[in-house]
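Asker: got a sequence here, can you model it:
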Amino acid sequence: MNPIYQLGHSIFKFFGSTFFSFRVVHPERMIEEGPAILAMNHQSYLDPPMAGITCERELYTLARDTLFKGPLAKILPLINVVPIDPKGGDSSALKLSVRILKQGYATLIFPEGTRSPDGNLQPAQPGVGFIIAKTLAPVVPMRIFGSCEALPKNGKEFHATPITIALGEPLHFTKADLEGGREVYQSLADRVMAAIAAIEYEE
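Answerer: Predicted coordinates:
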């Protein structure tokens, strides 16, 4: 890890354990080398940093370019947050994710596309399927529990409630999985979302 990312990683580990009793279930399922898609449900602004501390490798995360203002404009790139133009449509963000994976890195993807208003799982958007089809990168399905209660979508204050991320078995894909034209993007995304939904909370 670069020193700034390592510092942020350590800070969020302390933050997570101190305020949210953060824990990871089945950390041995994480892919720590080579291209990998970490696919997780999305409940809160807390999700990206909490996902980042589930592994020991660096992750890349996409974020709206409107966040890159003031001090954050210098800090965010140092912790692998990549700006995207929301007015540019989904295609620019998807192509950027493909390039990151083809360079051998790992990236965090939220198949639902946006935060859930109530913590319940939402249908997958085809974007993650597009990324899989273009890279055949393995996917680590992950499910976060508790972040909606800690900081809900429209909330403005943190609540010290436990947060857990549970990892499912990695999904691997071959060219045979890509048959079916453009419709395959949605079917691949649905497979990923089904794997996330199958992950149950464990004490």
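Asker: please count neighbours and contacts with C-alpha atoms only from this point.
Answerer: Fine.
Asker: can you list the residues that contact stretch 31-41?
Answerer: 55-57, 101-112, 121, 137-144, 170, 192, 196 (Cα atoms under 8 Å, 6 or more residues apart in numbering).
Asker: mind listing what's buried along that stretch?
Answerer: Within stretch 31-41, the residues that count as buried by 16 or more other Cα atoms under 10 Å are 31, 35, 36, 37, 38, 39, 40, 41.
Asker: over to stretch 163-173?
Answerer: 163, 164, 165, 166, 167, 168, 169, 170.
Asker: need these in TSV (columns: pLDDT).
Answerer: Listed next are those as TSV, based on pLDDT from 0 to 100:
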residue	pLDDT
163	97
164	97
165	98
166	98
167	98
168	98
169	98
170	98
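Asker: show me those residues that map onto strands.
Answerer: 164, 165, 166, 167 (DSSP state E).
Asker: let me see the mean pLDDT of stretch 28-38.
Answerer: Averaged over stretch 28-38, pLDDT sits at 97.
Asker: what helix or strand is residue 107 located in?
Answerer: strand 106-109 (DSSP states H and E).
Asker: name the helices or strands packed onto the following helix or strand past that strand?
Answerer: The C-terminal neighbour of strand 106-109 among helices and strands, as given by DSSP H and E, is helix 127-135. In terms of contacts (3 or more Cα pairs under 8 Å, 6 or more residues apart in numbering; DSSP states H and E), helix 127-135 is packed against helix 90-102, helix 183-197.
Asker: which members of the contacts of stretch 31-41 are classed as buried?
Answerer: The buried subset of the contacts of stretch 31-41 - by 16+ other Cα under 10 Å - is 55, 57, 101-102, 105-112, 121, 137-144, 170, 192, 196.
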